[in-house]
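>>> no sequence for this one, just the structure:
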């Protein structure tokens with residue numbers, strides 16, 4: 001059942017993200033992605049606090065909304081929450097390493113993927 005919730009809510013999140021991207025196409029600056037990432041981080045912050053303070057609400061809504069809806073909408077929200085949790089646990093160095101490492105590895109991954117695709121053609 002939980003996988004059906006992730007699947008269904010993930011589809012809704014993905015459709016929302018694509019609809020926003022189509023409404024605000026990337027011409028000069030990726031406003032749609034920036035907005036989606038902020039909205040996803042705001043939403044995961046609200047949901048995290050609600051689920052932490054109201055444990056009976058956790059299942060199955062946590063997996064449906066966090067893993068499904070927000071996972072389909074933007075995984076940047078998970079990145080934001082994980083960085084915040086590292087900071088809250090007093091692991092500032094780990095948080096900085098995680099944040100910088102995620103951005104650097106993400107850009108490196110894109111560059112490597114492009115290079116691989118170009119080399120294959």
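Looks like it arrived, so ask away. For clarity, every value in this text was computed on a predicted model and none was experimentally measured.
>>> need the pLDDT of the nearest residue to residue 73 once chain neighbours are set aside.
Counting by Cβ to Cβ, 6 or more residues apart in numbering, residue 73 lies nearest to residue 13, which is 3.5 Å off, once chain neighbours are set aside. (Glycine included, C-beta is placed from N, CA and C.) Here, the pLDDT recorded for residue 13 equals 96.
>>> which SS state does residue 13 fall under?
helix (DSSP: H, G, I helix; E, B strand; the rest coil).
>>> just the strands from the protein, written as ranges.
With strands called from DSSP state E, the chain shows none.
>>> got a list of what the residue positioned nearest the centre of the chain touches?
What sits nearest the mean C-alpha location of the chain, by Cα atoms, centre = their mean, is residue 75, with 1.7 Å. Counting by Cβ atoms under 8 Å, 6 or more residues apart in numbering, residue 75 touches no other residue.
>>> ditto for residue 102
residue 79.
>>> what of residue 47?
Neighbours of residue 47 in contact, by Cβ under 8 Å, 6+ apart: 62, 65, 66, 70.
>>> surely the last one and residue 40 touch.
Yes. The pair residue 70 and residue 40 passes the contact test of Cβ atoms under 8 Å, sitting 5.4 Å apart.
>>> touching, residue 37 and residue 76? I think so.
Yes. Between residue 37 and residue 76 there is a contact under Cβ under 8 Å: 4.1 Å.
>>> perfect, I'm done here.
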